[in-house]
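K.L.:
take this sequence and fold it.
(4 chains)
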2 protein chains.
Amino acid sequence: MDLFKKTGKMALGSRLRLFTTRITDDAAKIYDWYHIDFTPKWFPVFFILAEDVPKTITELANEIGHSQPSVSKIIKEMIGAGLVNENQTSTDKRRNVVALSDKGREMSERLVLQCADVDAAIDGVISEAHHNLWEALEEWEYLLDHKSLLKRVQEQRKLRERKDVEIVEYQEKYQGAFKSLNEEWISTYFEIEEADRKALDNPKSYILDKGGKIFVALYKNEPVGVCSLIKMDDANYEYELAKMAVSPAIQGKSIGWLLGLAVVNAAKELGASKLYLESNTELKPAINLYHKLGFKKIVNRSTPYARCNIQMELTLIN
Amino acid sequence: MDLFKKTGKMALGSRLRLFTTRITDDAAKIYDWYHIDFTPKWFPVFFILAEDVPKTITELANEIGHSQPSVSKIIKEMIGAGLVNENQTSTDKRRNVVALSDKGREMSERLVLQCADVDAAIDGVISEAHHNLWEALEEWEYLLDHKSLLKRVQEQRKLRERKDVEIVEYQEKYQGAFKSLNEEWISTYFEIEEADRKALDNPKSYILDKGGKIFVALYKNEPVGVCSLIKMDDANYEYELAKMAVSPAIQGKSIGWLLGLAVVNAAKELGASKLYLESNTELKPAINLYHKLGFKKIVNRSTPYARCNIQMELTLIN
DNA sequence: TATATTTGCATAATTAGTTATGTAATTAAT
DNA sequence: ATTAATTACATAACTAATTATGCAAATATA
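P.N.:
Okay, the predicted model is just below:
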């Protein structure tokens, strides 16, 4: 298929499907040529039963990796072909214990030679090829058991998007973004308070000049998130993490996490021993993020914000 | 799947099927995760249309290697999803020319990033694996185009069966087989004649002592075929190939061919320049075999056998 | 020009699997 | 000893492909 040279690996599934039908079609022809009245799809079930241990439908399904109804149907067909007997003795009347019939056992013997020929033929292809398909399948099964394709794609996306994300220090030109990003989420969930307005309108005098810091997350060079480290006027805490805001349009790119890390690192560099924050339990993703950053809930602090119903701290052991 | 360690390569088809569904299921989850309303089975058709050249149903089917009804259905679904427009201008009213809609083109752009991530993820698996699945598939497609799996299995069977076949020179103990194998086919098609009886009862005096040879084909050490090289008493021909008989139970194992070769080679070794035989056109497989050995039909020879209606010769250019 | 053949496609029926569902038999829990 | 939960399995409905079939349009042929 020339197509797959162009599509890239995205079409792996399609390519596999096409290839699989090709192999299965040939398998059917092979049974035919050996004058063996047999269907490729019976093979896995038949193979297990050829070990001559009676099995239930469900046991067979588990061993061959099919669904139970699939085995149910296959067994029905094989009974029709006289290869299998059902309802072998069992005290449990729910179970349908099946085993090869005499005709089945006889067919099993006849299949041995065919199996040997097919095995040799496939080994032939393998030896002609540079890349071993059989081994590759085994490896892929193992690797995907370990980490699914979905998971791997998710990681790739993160990796790609991280490349587009940059955390920079505040500059005058980001004042608009600093204000609007914060106003967006505050007004969505709560009311904007006087304390907010002061800080958002005058970040320089209210945050930076007092010894705080503001970080801006740029996505493709556009500001999409902000977070500040605010110097506190308190005996217990020197710094507060506050005014964290990420554009809702750009969720799932770890921007909150990166901003949080930047603030925590800045606090460490400034020699802070603890970091404080206040928030609201309604904001579940935010609380989750704070937990991930290592913050723990504390109690009994006063706050100028009405919306605050949870307070947290992070101990920075340098 | 542990099963496949036991079954051997015979279960390649089953293994591939299982693996394919696994990949396809994950692919569906991936589209989902990207919030793209798309089905893996649309991908090949979509990919072709994304080149922005309108195509007919049949053209698409050929390019992606599906049947025409399959594409017909896929297109119907994609029209339903608003990704494709049908009945683009065509003078030929049978043709259904389809192309991406604006929504389809937009989706194509969104898919680019996802494709890149999937590609990278699959490349990741490939780099973790020792055997390259993608390359292996490409090689197998090529190798099976060149020679099908069926053909390869047929060859393996021949090879296996040849190992059980041995051509040996006549010994006294094979006299019974020499007689009965010949009597079997002669009496099936014709009458046993006096000339037959003499040679079959006394191979030593009638064939060997006159400077001829007899070869016996053993299958698993049992005599299943015979053929003789008989010294002739004729100005034109020194040797005749005769009394070729193969047990009907053991057809298709090239035993006739091997016996014929043995006789021809013996004739060459004895320095014969031509080899003669007579037969009956009723015996089509035999005549075919003689042709394959290089014999050509000749005319106007007398023969002691009533059943003979064709005569052939082989020129042995050493 | 009329007729036969070929082509393009939709629709129907089939295949080999899947989930979803219902029911009887068994086991666990009160 | 009931009742609730679980289990084993068959059956039904769905899925993504396939072949088979039929019909209209276009092309070739007489």
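K.L.:
which parts of the stretch 51-200 of chain A are helices?
P.N.:
With DSSP state H, counting those that start in this stretch as the criterion, the stretch 51-200 of chain A has helices at A:57-64, A:68-80, A:102-128, A:133-146, A:149-164, A:175-189, A:194-201.
K.L.:
does any bit of the fourth one sit next to DNA strand C?
P.N.:
No - contact between helix A:133-146 and DNA strand C, assessed by CB under 7 Å from any atom of the strand, is absent, since the two come no nearer than 14.9 Å. In short, each C-beta sits where N, CA and C put it, glycine included.
K.L.:
any residue of that helix up close to chain B?
P.N.:
Yes - using CB under 8 Å from any CB of the partner chain, helix A:133-146 comes into contact with chain B via A:Leu133, A:Trp134, A:Glu135, A:Ala136, A:Leu137, A:Glu138, A:Glu139, A:Trp140, A:Glu141, A:Leu143, A:Leu144.
K.L.:
neighbour-wise, which of the residues you listed leads?
P.N.:
Comparing those by number of neighbours (other CB atoms under 10 Å in any protein chain shown), A:Leu133 comes first, having 25 neighbours.
K.L.:
for A:Asn182, which non-adjacent residue is spatially closest?
P.N.:
The spatially closest residue to A:Asn182, leaving aside those adjacent along the chain, is A:Ala245, at 4.5 Å (CB to CB, 6 or more residues apart in numbering or on different chains).
K.L.:
and which of the residues of helix A:133-146 next to chain B is nearest B:Glu222?
P.N.:
Distance to B:Glu222 across the residues of helix A:133-146 next to chain B (CB to CB) is lowest for A:Trp134, with 37.0 Å.
K.L.:
which residues does the closest one contact?
P.N.:
A:Ile122, A:Ile126, B:Lys9, B:Leu12 (CB atoms under 8 Å, 6 or more residues apart in numbering or on different chains).
K.L.:
save those as JSON lines, and put in distance to B:Leu316 and pLDDT too.
P.N.:
Shown next, in JSON lines, are the contacts of A:Trp134 (distance: CB to CB, whole Å; pLDDT from 0 to 100):
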{"residue": "A:Ile122", "distance to B:Leu316": "41", "pLDDT": "93"}
{"residue": "A:Ile126", "distance to B:Leu316": "42", "pLDDT": "93"}
{"residue": "B:Lys9", "distance to B:Leu316": "44", "pLDDT": "88"}
{"residue": "B:Leu12", "distance to B:Leu316": "47", "pLDDT": "92"}
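K.L.:
and which of those residues is nearest DNA strand C?
P.N.:
Minimum distance to DNA strand C across the contacts of A:Trp134 is 12.7 Å, recorded for B:Leu12 (CB to the nearest atom of the strand).
K.L.:
pull out the buried positions in the helix or strand where that closest one lies.
P.N.:
According to DSSP states H and E, B:Leu12 maps onto helix B:12-33. By neighbour count on 16 or more other CB atoms under 10 Å in any protein chain shown, the buried set for helix B:12-33 is B:12-20, B:22-24, B:26-27, B:29-31.
K.L.:
same question, stretch A:169-181
P.N.:
Buried residues in stretch A:169-181, counted by 16+ other CB under 10 Å: A:Tyr170, A:Tyr174, A:Gln175, A:Ala177, A:Phe178, A:Lys179, A:Leu181.
K.L.:
now, which of the residues you listed sits nearest DNA strand C?
P.N.:
Nearest to DNA strand C, judged by CB to the nearest atom of the strand, of those is A:Leu181 at 40.6 Å.
K.L.:
what does stretch A:76-83 rub up against?
P.N.:
Contacts for stretch A:76-83 (CB under 8 Å, 6+ apart): A:37, A:39, A:42, A:45-46, A:84-86, A:98, A:100-101, A:103-104, A:107.
K.L.:
one step back: most neighbours, which of the contacts of A:Trp134?
P.N.:
Neighbour counts for these (other CB under 10 Å) peak at B:Leu12, which has 25 neighbours.
K.L.:
endpoint to endpoint, stretch A:274-291 covers what distance?
P.N.:
In terms of CA to CA, to the nearest Å, the two terminal residues of stretch A:274-291 are separated by 15 Å.
K.L.:
angle of whichever helix or strand A:Leu241 is part of against helix A:175-189?
P.N.:
Using DSSP H and E, A:Leu241 sits within strand A:239-246. Strand A:239-246 and helix A:175-189 meet at an angle of 80 degrees, taking axes from the mean of the first three to the mean of the last three CA atoms, to 10 degrees as the criterion.
K.L.:
strand A:239-246: how far from the chain's middle?
P.N.:
Centroid separation between strand A:239-246 and its chain, computed with CA atoms, centre = their mean, to the nearest Å, is 29 Å.
K.L.:
now for it, which elements pack on it?
P.N.:
Secondary-structure packing of strand A:239-246 (3 or more CB pairs under 8 Å, 6 or more residues apart in numbering or on different chains; DSSP states H and E): helix A:175-189, helix A:194-201, strand A:222-231, helix A:255-269, strand A:274-279.
K.L.:
again, only using 7 Å
P.N.:
Applying 3 or more CB pairs under 7 Å, 6 or more residues apart in numbering or on different chains; DSSP states H and E, we find strand A:239-246 packed against helix A:175-189, strand A:222-231, helix A:255-269, strand A:274-279.
K.L.:
which stretch among those comes nearest DNA strand C?
P.N.:
Of all the helices and strands packed on strand A:239-246, it is helix A:255-269 that lies closest to DNA strand C, at 34.1 Å by CB to the nearest atom of the strand.
K.L.:
any idea how far the closest one is from the middle of the chain?
P.N.:
Centroid separation between helix A:255-269 and its chain, computed with CA atoms, centre = their mean, is 25 Å.
K.L.:
with stretch A:167-183 instead?
P.N.:
32 Å.
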